[in-house]
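Student: whatever this is, show me its structure:
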Amino acid sequence: MSPAIPDRLFELPSDSGTNLQNQIQEMLVRTILDGQIAPGTAMPSGRKLADQLKVARNTVVLVYQRLVDEGFLVARERSGYFVSDDILRDRVMSPPSDTRSVGAIDWAQKLRFTPTRQRNLNKPADWSSYRYPFIYGQIDPHLFPVNEWRECCRDAATVGAIQQWSTDRIDQDDPELIEQIQTRILPRRGVWAQANEILVTLGAQQALFLIADLLLDQHKTVAIEDPGYPDARNIFLSRTAKLKPVPVDNEGLIPSNDLNDCECLYLTPSHQFPTTVTLSRSRREQLLESARERQFVIIEDDYESEHNFHGNPIPALKSLDKDGVVIYIGSLSKTLAPGLRVGFMTGPEDFIREARVLRRLMSRHPPANNQLIVAQFLKRGYHDALIRRLSHSLSDRWHTLRTAITTYLPDWRISPSTGGSSFWLQSPSGVDVSDLQRKCLSKSLLFESGEVFFHRPPSPCAYLRLGFSSIPVDKIEPGVRQIAAIVNSASSHKTKAS
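Tutor: Numbers count the residues shown, from 1 in each chain. All right, here's what the predicted structure looks like:
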């Protein structure tokens, strides 16, 4: 090997998930772009590098040829491969600095508000390594339709498809995705909308942000469920401090005259977040009548509407809206994958028109390639088939978890639930859920304590949420049994101490 290039530069990662050619290419590109191999330097011969990396010579030669095609290397007859003189020409080369610059601006004074101080939902990054991950919002990777998704991705990578989605669409969405939302997704919920009444978003969060930006300011009041969705609460708080928490019972949000002076009401009527209770038909009609008379907007987040395991699913609140007072938000996060960030909203044409222009200022439009892939996935029926598989799997887990709770935690109150992917529990007197959560973490048992869901956290907290979308069904019963053992052990210690 050339003495100009240290051997240590050529080491493959031990845990890479990609093939050998890609690993070698990434390694060589990194060393060249980082300036560790100077332009004009001779590369090791294919045989020498192959021997060092313990791979076939042809593998290295193929990578060298790729890098020639990409302009990183040049091939010289009878001399070998050399780093291109042009590859770093347009770069400003400066040595890395170990010192941090001293800021001249006091950001604490400059910032309008500080999102880091808000109370947010958090879960460990390594949640999947826990033995009993009773967490919410993650999919079971074993249920993801890998082959079907790959097929749609391959079709989106053809020359014709790339020409279709790679252009700047400014503020327009993929027409096929809009059609699928209009004809496949919304009708499942009893909702019918025109194409110009639908907007694709980067998940439900972007939809909420757009709505808050268009409808709220510091003088406007927004009503939210309590307990409720922390992200919605925090988005609204970024626009106004006038939040009005409205209590929830076994029939969902409790209507009252407190809503009369609100600009907006945020609801999760299908399966309330986090209690999973369903808003009753009579209350839906009452809220729609109040919104029409008092001129406030209802924001319906149709959260987990696809997962119903007991009784018949209730149509969306939007399906009863004859006066255009409801803005409906949907998402594919709970059925397809949260990492895709594909959501949508539908509402009156005048509102959606303004939301489209505002979205353009934020992000123009969600990635067009993802929109095309999702459109094909929906069009070919893969999403409907996935929902059926998820329903069967989650129904099994729902019944298993409910049985385990009633068996091992009989004194705990379970909120009425017909579906979703979690249970909301209230502990008996004397059990501090925050303390229980800390003890369970040491036993590789993960769940969410309830404080973060309340506008004003109760102390001590008596609520917790057990999610079941990503825990194997055979771990549910022993996990709940473990929780009960920790509860009983703590109770026993208290009794002895007294």
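Student: where does the stretch 51-200 of the chain have low pLDDT?
Tutor: Across the stretch 51-200 of the chain, the ranges flagged by pLDDT under 70 are 92-101.
Student: can you show me the helices along it?
Tutor: 57-70, 107-110, 146-155, 159-165, 175-180, 186-188 (DSSP state H, counting those that start in this stretch).
Student: what packs against the longest one?
Tutor: Helix 57-70 sits against helix 20-33, helix 46-53, strand 73-76, strand 80-83, with contacts defined as 3 or more CB pairs under 8 Å, 6 or more residues apart in numbering; DSSP states H and E. In short, each C-beta sits where N, CA and C put it, glycine included.
Student: now with 6 Å?
Tutor: helix 20-33, helix 46-53 (3 or more CB pairs under 6 Å, 6 or more residues apart in numbering; DSSP states H and E).
Student: how about residues contacting it?
Tutor: L20, Q21, I24, Q25, G46, R47, L49, A50, L73, A75, Y81 (CB atoms under 6 Å, 6 or more residues apart in numbering).
Student: nearest approach to V102 belongs to which of the helices and strands packed on helix 57-70?
Tutor: Closest approach to V102 among the helices and strands packed on helix 57-70 is made by helix 20-33 (29.6 Å; CB to CB).
Student: for the stretch 201-350 of the chain, just list every one of the helices.
Tutor: 203-215, 230-237, 281-294, 349-363.
Student: how distant is the first one from the center of its chain?
Tutor: In this view, helix 203-215 has its centroid 15 Å away from the chain centroid, taken as CA atoms, centre = their mean, to the nearest Å.
Student: over to the longest one?
Tutor: The chain centroid and the centroid of helix 349-363 are separated by 22 Å, computed with CA atoms, centre = their mean.
Student: which of the contacts of helix 57-70 count as buried?
Tutor: L20, I24, Q25, G46, L49, A50, L73, Y81 (16 or more other CB atoms under 10 Å).
Student: out of the residues you listed, which is nearest to G330?
Tutor: Among the buried ones among the contacts of helix 57-70, Q25 lies closest to G330 (CB to CB), at 40.4 Å.
Student: any figure for the gap between that closest one and F82?
Tutor: 17 Å (CB to CB, to the nearest Å).
Student: and what of E451?
Tutor: 62 Å.
Student: more crowded one of the two?
Tutor: With neighbours defined as other CB atoms under 10 Å, E451 and F82 compare such that E451 has more, 19 against 16.
Student: the more buried one reaches C461, doesn't it?
Tutor: Yes. Counting by CB atoms under 6 Å, E451 touches C461, with 4.7 Å between them.
Student: any chance you could map the strands in the stretch 201-350 of the chain?
Tutor: In the stretch 201-350 of the chain, the strands defined using DSSP state E, counting those that start in this stretch lie at 222-226, 243-249, 252-253, 264-267, 297-301, 326-331, 343-346.
Student: not counting sequence-adjacent ones, nearest residue to the most centrally placed residue in the chain?
Tutor: For the chain, the residue sitting closest to the mean C-alpha position, by CA atoms, centre = their mean, is P338 at 3.6 Å. Leaving out its chain neighbours, the residue that sits closest to P338 by CB to CB, 6 or more residues apart in numbering is G137, at 6.3 Å.
Student: quick one: pLDDT of the residue lying closest to S449 once chain neighbours are set aside?
Tutor: Leaving aside its sequence neighbours, S449 sits nearest to Q437 (CB to CB, 6+ apart; 4.6 Å). If you check Q437, the pLDDT there is 93.
Student: from now on call the first residue 38
Tutor: With the count now opening at 38, the last piece we talked about shows up as Q474.
Student: hang on, Q474 in a helix?
Tutor: Yes. Assigned with DSSP: H, G, I helix; E, B strand; the rest coil, Q474 falls within a helix.
Student: tell me how far it lies from I335.
Tutor: 34 Å.
Student: more neighbours, the two?
Tutor: Neighbours were counted for Q474 and for I335 using other CB under 10 Å; I335 has more, 24 against 19.
Student: now that one. Nearest residue, chain neighbours left out?
Tutor: Per CB to CB, 6+ apart, closest to I335 is V363, 4.7 Å.
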